[in-house]
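Visitor: Quick one: sequence and predicted model below, then my questions.
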Amino acid sequence: MAIRQISVFVENKPGRLAEITGYLAEGNVSIRAFSIADTTDFGILRLIVSDTEKAAQVLRDAGVAVSITDVVGVSIPDVTGAFANVVRTLADAGENVEYAYAFLTPEAGHAYVILRVDDDQKAADILRENDIALIDEAAVLG
């Protein structure tokens with residue numbers, strides 16, 4: 001039930017993010033979710049897109065370094081403590097969350113959260129066993 005995420009190395013300079021997202025737009029690839037983390041000189045742009053393989057090829061053709069990573073997605077209710085419950089469940093099972101980001105969903109009263117964990121399958125099994133709703137790429141792409 002993994003979701004494929006694109007990670008892109010982005011130089012931290014004016015216009016670079018615009019170039020990269022422009023390549024995707026020109027390639028008719030829609031961005032469904034994203035996160036960017038930066039340092040002084042560079043950032044890592046993480047994207048969930050409408051067509052992962054096409055996006056990777058478009059970016060590679062433009063000379064952009066791209067990698068594809070599997071991540072786990074969950075749907076959590078919009079109530080206090082819902083995210084805390086997800087990460088506590090994983091922590092109690094010894095599963096580390098490397099990073100996470102959330103975005104709105106058409107599912108009223110819920111948010112989708114993308115999690116990068118040590119072991120996708122183990123995390124998915126733990127979450128299922130604890131009645132935490134997993135999502136797949138089809139849910140993200142709508």
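Guide: Thanks, I have the structure now.

Visitor: Show the contacting residues for the one residue sitting closest to the centre of the chain.
Guide: Nearest to the mean C-alpha position of the chain, by Cα atoms, centre = their mean, lies I114 at 4.7 Å. Taking Cβ atoms under 8 Å, 6 or more residues apart in numbering as the criterion, I114 is in contact with 3, 5, 33, 35, 46, 48, 71-73, 100-103. Heads up, the C-betas are built off the backbone N, CA and C, glycines and all.

Visitor: Of these, which belong to strands?
Guide: 3, 5, 33, 35, 46, 48, 71-73, 100-103 (DSSP state E).

Visitor: Just the buried residues of the residues you listed.
Guide: Buried by 16 or more other Cβ atoms under 10 Å: 3, 5, 33, 35, 46, 48, 71-73, 100-101, out of the ones in strands among the contacts of I114.

Visitor: For the nearest residue to S67 once chain neighbours are set aside, grab the count of nearby residues.
Guide: Leaving aside its sequence neighbours, S67 sits nearest to S7 (Cβ to Cβ, 6 or more residues apart in numbering; 4.9 Å). When neighbours are counted by other Cβ atoms under 10 Å, S7 registers 17.

Visitor: Now do S7 against V58, distance only.
Guide: Using Cβ to Cβ, to the nearest Å, we find S7 at a distance of 15 Å from V58.

Visitor: Which residue or residues pair with L115 through a beta bridge?
Guide: For L115, the beta-bridge partners under DSSP bridges are V72, A100.

Visitor: Once you drop chain neighbours, what's closest to V74?
Guide: Excluding the flanking residues, the one nearest V74 by Cβ to Cβ, 6+ apart is V113, at 5.2 Å.

Visitor: Please read the previous query as pertaining to R32.
Guide: Leaving aside its chain neighbours, R32 sits nearest to I48 (4.7 Å; criterion: Cβ to Cβ, 6+ apart).

Visitor: Helices of this protein, residue ranges please.
Guide: With helices called from DSSP state H, the chain shows them at 16-26, 52-61, 82-92, 120-129, 137-141.
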